[in-house]
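# Provide a 3D model corresponding to the input given below.
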Amino acid sequence: MRAAQDVVLVPKKGYFKPPRKVVYATNYLEEDKIAIQKVTHFASFFDAEVDIVHVSSKSKAIDRALHQTMVQELKPYVRYPKSSFVLKTYRDEPGLGLENYLKVAKGDILVTLTKKKSWFDQLFAQNLSKKMSYFINKPLWAVKML
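Numbering: from 1, shown residues only. Prediction:
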């Protein structure tokens, strides 16, 4: 998936309905500060809740103290009262954990951050948005960051 702007994917057997819960997948990047503002602004039109979720595998889990440090860094950029931060660890890969969280939390749309990758990153980095687009059964909003 390559686009110059944000992309919203709606599954073939799905549909877009006004969201009650938006799930934003974070990896605690600097770009999250801008993307979260965009997501909470969108959610405010629907009076929807926003879960800002970090999902990791058991082998790459972060501890609660680091999570709290990252939350404190992001909080000033989240000016939406219906937002909450969530840390989840799954034994499988993060994409499956994120899909599981979306189901359990009854999320209506998943938001991921995509950014331009260097040639080297394109070879070795995994693209969560692209991976999720193949098997998710809810709308996926890929926020484009340069």
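# give the contact list for Leu87.
Neighbour list for Leu87: 53-54, 62, 64, 67 [criterion: Cβ atoms under 8 Å, 6 or more residues apart in numbering]. (C-beta placed from N, C-alpha, C; glycine too.)
# Can you show me the helices along this structure?
Per DSSP state H, the chain carries helices over the ranges 32-46, 64-74, 94-104, 119-124, 128-135.
# Show me what the longest one packs onto, helices and strands only.
Meaning helix 32-46. If you count contacts as 3 or more Cβ pairs under 8 Å, 6 or more residues apart in numbering; DSSP states H and E, helix 32-46 packs onto strand 21-25, strand 49-57, helix 64-74, strand 109-115, strand 140-145.
# Just give the strands next to the fourth one in its sheet, each with its orientation.
Each strand that pairs with strand 109-115, with its direction, by DSSP bridges: strand 21-25 (parallel), strand 140-145 (parallel).
# so of those, which one's packed in deepest?
strand 21-25 (a mean of 24; mean count of other Cβ atoms under 10 Å).
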